[in-house]
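1. coords please:
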Amino acid sequence: MKSIGEVAAQFGLPTHVLRHWESEGLMTPARAGDRRRYTDADLYRVAAILISKEAGFGLADIRTMLAVRSAPDRHEVMARHRERLLARIARAQAALDMLEGGLECPHDDIMTCPHFQGFLTDRLRSSSGTGSDRRAADRIAGGAADEPDVVGRRARDRVEPYVG
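-> Residues are numbered from 1 along each chain as shown. All right, here's what the predicted structure looks like:
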């Protein structure tokens, strides 16, 4: 059995993260008096949570995946996340395409670049929906943007995923 400090050090996490996961119902370490004691099963659970976070799952979905006892219920959570992830990949690929075109552009003024103008035309075409509809679609495609990640930042403020 390990202390919270030992487990946190093993995974490179602050101890408050493990406490937060416990408060969120992701873990229930044993107690020796008022001290948390982590078993090997708890260590596997921490590893599962970290792998799931790295895959972009929010804590609620991780809790569901770890708690459900039927494959169809787990598959539903995973399929929903897969769709959000595919949308994020598509947005990232579009951003990469724009950057690669910009790196090859010889124009001093990017607004005169035919490649960049193509991206602007596409954006203008896709922005015909209302702003609130667009924001709602972005939230759905991007996942839980307001959920704290393992270091307390909001997903919308994150530049790179935390990989511990």
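
2. now the longest helix seen in the chain: mean pLDDT?
-> The longest helix of the chain (DSSP state H) is helix 71-104. On average, the pLDDT along helix 71-104 is 91.

3. next secondary structure after that helix?
-> The helix or strand immediately downstream of helix 71-104 is helix 114-126, counting by DSSP states H and E.

4. and that following helix, what does it pack against?
-> Helices and strands touching helix 114-126, by 3 or more C-beta pairs under 8 Å, 6 or more residues apart in numbering; DSSP states H and E, are helix 71-104. Bear in mind the C-beta positions are built from the backbone N, C-alpha and C, glycine included.

5. so how far is the helix it packs on off the chain centroid?
-> Distance of helix 71-104 from its chain centroid, counting by C-alpha atoms, centre = their mean, to the nearest Å, is 11 Å.

6. what's it packed up against?
-> On a contact count with 3+ C-beta pairs under 8 Å, 6+ apart, helix 71-104 meets helix 59-67, helix 114-126, helix 131-142.

7. residues of it that come out buried?
-> Buried residues in helix 71-104, counted by 16 or more other C-beta atoms under 10 Å: 74, 77-78, 81, 84-85, 87, 98, 101.

8. could you report the pLDDT at the closest residue to T39 other than its chain neighbours?
-> Nearest residue to T39 in three dimensions, chain neighbours excluded: M1, at 6.0 Å (C-beta to C-beta, 6 or more residues apart in numbering). Note on M1: pLDDT of 94.

9. so who does M1 touch?
-> Counting by C-beta atoms under 8 Å, 6 or more residues apart in numbering, M1 touches 30, 32, 37-39.

10. ok, of the residues you listed, which one's closest to K53?
-> For the contacts of M1, the minimum distance to K53 (C-beta to C-beta) is 18.0 Å, reached by Y38.

11. who does that closest one bridge with?
-> K2 (DSSP bridges).

12. do you know how far it is from G5?
-> Look at Y38 and G5: by C-beta to C-beta, to the nearest Å, they are 10 Å apart.

13. more neighbours: which of those two?
-> Taking other C-beta atoms under 10 Å, Y38 and G5 do not tie; Y38 has more neighbours (21 against 11).

14. does the residue positioned nearest the centre of the chain belong to a helix, a strand or coil?
-> Geometric centre of the chain, nearest residue: G56, 2.9 Å, by C-alpha atoms, centre = their mean. Here G56 is recorded as coil under DSSP: H, G, I helix; E, B strand; the rest coil.

15. right, I'll call it a day here.
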